[in-house]
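Colleague: Dropping a prediction and its sequence here:
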Protein chains: 2
Amino acid sequence: MVQDMQEPSDAVTDAWVCLVRAEREVVGQIEAELKGAGFPCLSWYDVLRHLKRQPDGRSSPKEIEDAVLFEQYNLSRLLDRMETDGLVRRIPYPGDKRRQWVEITDAGRALQRRMWGVYGPAINRFVGCKLTAAEAEQLASLLLKLMQPKKD
Amino acid sequence: MVQDMQEPSDAVTDAWVCLVRAEREVVGQIEAELKGAGFPCLSWYDVLRHLKRQPDGRSSPKEIEDAVLFEQYNLSRLLDRMETDGLVRRIPYPGDKRRQWVEITDAGRALQRRMWGVYGPAINRFVGCKLTAAEAEQLASLLLKLMQPKKD
DNA sequence: TCAAATATGATGCAATTGCATAGAAACAGG
DNA sequence: CCTGTTTCTATGCAATTGCATCATATTTGA
């Protein structure tokens, strides 16, 4: 297919470069805030937030992977660490011994809340303050298009 | 300051979540293509591209850091690896013995070109195909706003 | 029903990254 | 000049990540 072999236009390249740069820059700033406040990094928060939003505060590792776009082996070990810290608990999955539930603990919920106290304002400062409400919506909708499955 | 303590609006939170997710997803897809073609990862490309665009194919590590948003210690060791592979060369900086030049080699230029042959089309496929030209420009301009220094 | 294919998680080991700090040179102020 | 501070790069060591593969359990299908 010809289209696949073409070089991207300048506009597309710009968008791509800005995407990577902006993400790196904002993530860096926000991670620094979290670390400065003595909190673990965003990946821990993402897992906690995902679990907190599930019906019983539990989810399968596979679901978490999809939610936070983590590699299986990385998540497996991240959960080890979080479990060691008492933030999360692994529970056997009835009816399928391969699977398991991962359940957020009270300590996990508490940490998620405390982190949000720093994280939320940081998002506001590094994203919210830079955009109008309309621009924020526009940005989200453009980024969503990048995540749509390719038409082929 | 009150504004700093507030939680972000839903629109802002959406934009932030989409930013991280879209970046992760597209970077993942593109890295997979590069790896599949037997190439090193994007950070190597970024360094090569930055150097290639400099007047004499050379730059200081500090400049590279700013260009690619790398930590100093990571860049230092990345340059070690790239030098080992003959892609760049470190040259003493005349007049300031703390500094150095990093210069791209012919092999480095060649690799950059060959990588672009895979990378360019991949950008097109994972970014270009998802957006119109106008949308790409709009996206870039919104992302640029995120990188503007905060008004305080 | 049984072997092969698939699905889910874990793990050994190498590579990379993060953190703290070192080393060395230049600079600034007295 | 000195001495303390800043700038630029490197590095020891611990933590994390990537890769390949294993282990176990389920599903498929011949």
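Modeller: Sure thing, it's come through.

Colleague: Which positions in chain A make contact with DNA strand D?
Modeller: Chain A has residues A:S43, A:E71, A:Y73, A:N74, A:R77, A:L78, A:R81, A:G95, A:D96, A:K97, A:R98 near DNA strand D, with proximity defined as Cβ under 7 Å from any atom of the strand. Glycine gets a C-beta too; all of them are placed from N, C-alpha and C.

Colleague: Of all pairs in those, which one spans the longest distance?
Modeller: The span of these, defined through Cβ to Cβ, is set by A:S43 and A:G95 at 29.6 Å.

Colleague: Now A:E71, what are its backbone angles?
Modeller: Note on A:E71: backbone dihedrals following degrees, to the nearest 10 are phi -70, psi 150.

Colleague: count of residues packed around it?
Modeller: 11 (other Cβ atoms under 10 Å in any protein chain shown).

Colleague: and the gap between it and B:F39?
Modeller: A:E71 sits 20 Å away from B:F39 when distances are taken as Cβ to Cβ, to the nearest Å.

Colleague: Surely A:I91 forms part of a strand?
Modeller: Yes. According to DSSP: H, G, I helix; E, B strand; the rest coil, A:I91 belongs to a strand.

Colleague: got the contact list for stretch A:44-56?
Modeller: Residues outside stretch A:44-56 that contact it (Cβ atoms under 8 Å, 6 or more residues apart in numbering or on different chains) are A:34, A:39, A:57-59, A:63-64, A:67-68, A:75, A:78-79, A:82, A:87-88, A:102-104, A:108-109, A:111-112, A:115-116, A:119.

Colleague: does it come close to DNA strand C?
Modeller: No. Judged by Cβ under 7 Å from any atom of the strand, stretch A:44-56 stays clear of DNA strand C, getting no closer than 12.7 Å.

Colleague: CA-only coordinates of that stretch, as CSV, when you get a sec.
Modeller: Taking C-alpha atoms only, stretch A:44-56 is exported to CSV below (Å, rounded to 0.1, in the frame of the first residue of the first chain):
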residue,chain,number,x,y,z
TRP,A,44,1.3,3.0,41.4
TYR,A,45,-1.4,5.7,41.4
ASP,A,46,-2.8,4.4,38.1
VAL,A,47,-3.2,0.9,39.5
LEU,A,48,-4.8,2.2,42.7
ARG,A,49,-7.1,4.4,40.8
HIS,A,50,-8.2,1.6,38.5
LEU,A,51,-8.9,-0.7,41.3
LYS,A,52,-10.7,1.9,43.3
ARG,A,53,-13.1,2.4,40.5
GLN,A,54,-14.0,-1.3,40.1
PRO,A,55,-17.2,-2.6,41.7
ASP,A,56,-15.5,-4.4,44.7
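
Colleague: longest helix of chain A?
Modeller: helix A:10-36 (DSSP state H).

Colleague: could you give the mean pLDDT of that one?
Modeller: Helix A:10-36 carries an average pLDDT of 96.

Colleague: in that helix, what counts as buried?
Modeller: Judged by neighbour count using 16 or more other Cβ atoms under 10 Å in any protein chain shown, the buried positions of helix A:10-36 are A:11-16, A:18-23, A:26-27, A:30, A:33-34.

Colleague: Tell me if I am right that A:W101 is in a strand.
Modeller: Yes. Assessed by three-state DSSP, A:W101 belongs to a strand.

Colleague: was I right about it contacting A:Y93?
Modeller: Yes. A:W101 lies in contact with A:Y93 (Cβ atoms under 8 Å); the separation is 5.7 Å.
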